[in-house]
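S.K.: Okay, sequence plus prediction incoming.
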Amino acid sequence: MTNRIPIKLKKTAVLLLAAGLFSSCALPGIQLREASPRIEASPFIDESPAGGTVSRNERDPAPLPDTPRTPDDPAPEPVAEPEPVPEPTPETEPETEAEPIPAPVTEPETEAAVPAAALPPDPPMPEPEPEPVPEPEPEPVPEPEPPRKFFSDVSVSFLAMGDNLIHENIHMDASYRGTADKAYDFLPMYQDVAGAIASADVAFINQETVMAGAEWGYTGWPCFNCPQQLGRDMTSLGIDVVNLANNHMLDKTADGLSSTMDFWDTQPVLTVGAYRDEEDAARIRTIERDGVVFAWLAYTLHTNGIVKPASSPLVVPYIDDELILSDLERAKEAGDFVIVSIHWGDENTQTPNDEQYRLARLIADNGADVILGHHSHTLQPIEWLETDRGRTLCVYSLGNFVSGMSRPVNMVGGLFRFNVVSDADGRLIPADPVLEPTVFYYGMDWFNTHVYMLYNYTPEIAATHGLAISGYTLTPDAARQYVTNAVDPEFLPDWMK
């Protein structure tokens, strides 16, 4: 009996084949050719775990209709019998041969299926060019510090003296001591300290009064001018460094200061604190001893209200933070050891004021090794200021060295000694500071002027001190008390402790 496929079933098979849902299923009496798989560039093609391709339809196939079981198929689980499709009778539908099912169009056999992994990748999408990011400004790189010098076996002795304040009675006394060859002789006044000055490698003094020359007239307080012979005598004693920056430097105006500078230029000394012009002020003053270069700076608080005219090129170094900091930077470059002379504070007191303490800290923190203060006409404390590079030695005031003032406290000063030595690390440091107290003396007639070491100032000498003219006395014990009121025993000689 010929197996005939109902027409409805044949139509169903054609539709299923067209939809691509049958690949290897067979219907009775129908030979199906397996279609070659078609590869389409589709977002549904993914890589399978085994490296082949699996379409989304293959992962989730549509449900297929039941197909007749062949003898080789396993027995299916019992399911509900579909309703039988009635076969048409010969009378209503003539028997016809099964219509041939057109074979599906296949790709030529020479074109084998290409695995998805072998397909060329899609060309990459062009990435948008990033917006240019401005490059950050490079941070300035500080210049490396030059290699530090290493010093060994250095020992340089210093001696510093306070205010050399030449009142009228003092230069008059020098004229009485003069000769035909030397109209003014100041040397006898210093004979008790001459040996100490001469023995120092470097001797410093604050020259409080100008030496403008005889044409300006020799005068005392309030506008001083003393004979230039004083300067020659100081040089012969061994003074090496002379400070000019103080409140009396313009007593004879800018012209008088210029004449004073002219005089000092003839002497073998280094002057600090008064300058010809800005270019001269920018030149750091230095002095060399034992292979060590000592740089010097100097400043003054004021000039008693006297100012130089704008037309004068002279430079007066008034105390100013920015100037001090700038000068210190240049001084550290110019020298190996920095010393600052500064005219500051209040007069006639042994106590530094707050501004002195502030300035001392500023100067010490920014490179000074020693600070030599003056102006108060009295002794003030000595101390070490700790810094991140070591210690700075600071004397707030050296007191009067020579003066015709009339208060006992103004008669007491000192020779301040210290050494500059090299330590185990090859650095230069101040060492062994000590203040040798002095007393300035004048007689009952204001003359016979003399600088005594305190240990040579006897009660007999004290009894004739000219302070009695003003109703005061100054005994050796009183002088000693003025010293210990201001100076810590650490900085005093053994005989004072």
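M.R.: Arrived safely, thanks for sending.
S.K.: and Ala479, what does it touch?
M.R.: Pro408, Met411, Val412, Pro437, Val439, Leu454, Tyr457, Ala462 (CB atoms under 8 Å, 6 or more residues apart in numbering). Placement of C-beta: from N, CA and C, glycine included.
S.K.: Show me where the stretch 1-150 of the chain dips below the pLDDT cut-off.
M.R.: Counting by pLDDT under 70, the ranges of the stretch 1-150 of the chain that qualify are 1-124, 126, 144-146.
S.K.: from the chain's centre, how far out does stretch 230-239 sit?
M.R.: 42 Å (CA atoms, centre = their mean, to the nearest Å).
S.K.: same deal with stretch 236-243?
M.R.: Its chain's average C-alpha position is 36 Å from that of stretch 236-243, according to CA atoms, centre = their mean.
S.K.: Give me the distance between the two termini of that stretch.
M.R.: Stretch 236-243 has an end-to-end distance of 17 Å (criterion: CA to CA, to the nearest Å).
S.K.: Stretch 153-170 now?
M.R.: First residue to last in stretch 153-170 (CA to CA) measures 43 Å.
S.K.: mean confidence for it?
M.R.: Across stretch 153-170, the average pLDDT comes to 98.
S.K.: Now do the buried residues in it.
M.R.: For stretch 153-170, a neighbour-count test (16 or more other CB atoms under 10 Å) marks 154, 156-167, 169-170 as buried.
S.K.: Pick the one among those closest to Tyr396.
M.R.: Gly162 (11.1 Å; CB to CB).
S.K.: Might you report the residue contacts of that closest one?
M.R.: The contact partners of Gly162, taken as CB under 8 Å, 6+ apart, are Ile205, Asn206, His374, Ser397, Leu398, Gly399, Asn400, Phe401, Gly413, Gly414.
S.K.: ok, back up a step: need the contacts of Ala479 in JSON lines (columns: distance to Thr484, neighbour count and pLDDT).
M.R.: Output for the contacts of Ala479, formatted as JSON lines (distance: CB to CB, whole Å; neighbours: other CB atoms under 10 Å; pLDDT from 0 to 100):
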{"residue": "Pro408", "distance to Thr484": "15", "neighbour count": "19", "pLDDT": "99"}
{"residue": "Met411", "distance to Thr484": "16", "neighbour count": "28", "pLDDT": "99"}
{"residue": "Val412", "distance to Thr484": "11", "neighbour count": "27", "pLDDT": "99"}
{"residue": "Pro437", "distance to Thr484": "9", "neighbour count": "24", "pLDDT": "99"}
{"residue": "Val439", "distance to Thr484": "14", "neighbour count": "28", "pLDDT": "99"}
{"residue": "Leu454", "distance to Thr484": "11", "neighbour count": "20", "pLDDT": "99"}
{"residue": "Tyr457", "distance to Thr484": "15", "neighbour count": "25", "pLDDT": "99"}
{"residue": "Ala462", "distance to Thr484": "17", "neighbour count": "19", "pLDDT": "99"}
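S.K.: Next step: those residues restricted to strands.
M.R.: Val412, Pro437, Val439 (DSSP state E).
S.K.: Quick one: the strands in the stretch 251-400 of the chain, in order.
M.R.: All strands of the stretch 251-400 of the chain, identified by DSSP state E, counting those that start in this stretch, fall at 270-272, 285-289, 292-300, 337-343, 370-374, 382-387, 390-395, 400-402.
S.K.: ugh, wrong one, the stretch 101-250 of the chain
M.R.: So, for the stretch 101-250 of the chain - with DSSP E, counting those that start in this stretch - the strands run 155-164, 202-207, 241-243.
S.K.: Identify all contacting residues around the shortest one.
M.R.: In this structure, residues lying in contact with strand 241-243 by CB under 8 Å, 6+ apart are 202-207, 231, 234, 264, 269-273, 287, 296, 298, 341, 343, 374.
S.K.: Report the buried members of these.
M.R.: Neighbour-count burial (16+ other CB under 10 Å) applied to the contacts of strand 241-243 gives 202-207, 231, 234, 264, 269-273, 287, 296, 298, 341, 343, 374.
S.K.: picking that back up, any chance of the strands of the stretch 101-250 of the chain in a markdown table, plus distance to Gly256?
M.R.: As requested, those are exported to a markdown table (distance: least, CB to CB, whole Å):
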| stretch | distance to Gly256 |
| --- | --- |
| strand 155-164 | 17 |
| strand 202-207 | 14 |
| strand 241-243 | 16 |
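S.K.: With Asp255 as the reference, name the closest of the ones you listed.
M.R.: strand 202-207 (18.1 Å).
S.K.: and which of the ones in strands among the contacts of Ala479 is nearest Asn304?
M.R.: Val412 (23.9 Å).
S.K.: Hmm, the closest one is touching Gln380, no?
M.R.: No. Judged on CB atoms under 8 Å, Val412 makes no contact with Gln380 at a distance of 11.4 Å.
S.K.: which residues do the two both contact?
M.R.: Common contact partners of Val412 and Gln380 (CB under 8 Å, 6+ apart): Gly399.
S.K.: that older thread, which two among the contacts of Gly162 are spaced furthest apart?
M.R.: Longest span within the contacts of Gly162, CB to CB: Ile205 and Ser397, 14.0 Å.
S.K.: who touches Val210 in this structure?
M.R.: Residues in contact with Val210 (CB under 8 Å, 6+ apart) are Phe224, Asn225, Cys226, His248, Met249, Asp251, Lys252, Gly256, Leu257, Ser259, Thr260.
S.K.: Most neighbours among those residues, which one is it?
M.R.: Met249 (30 neighbours; other CB atoms under 10 Å).
S.K.: Could you give the backbone dihedrals for that residue?
M.R.: phi -70, psi -20 (degrees, to the nearest 10).
S.K.: For it, give its distance to Tyr318.
M.R.: Per CB to CB, to the nearest Å, Met249 is found 11 Å from Tyr318.
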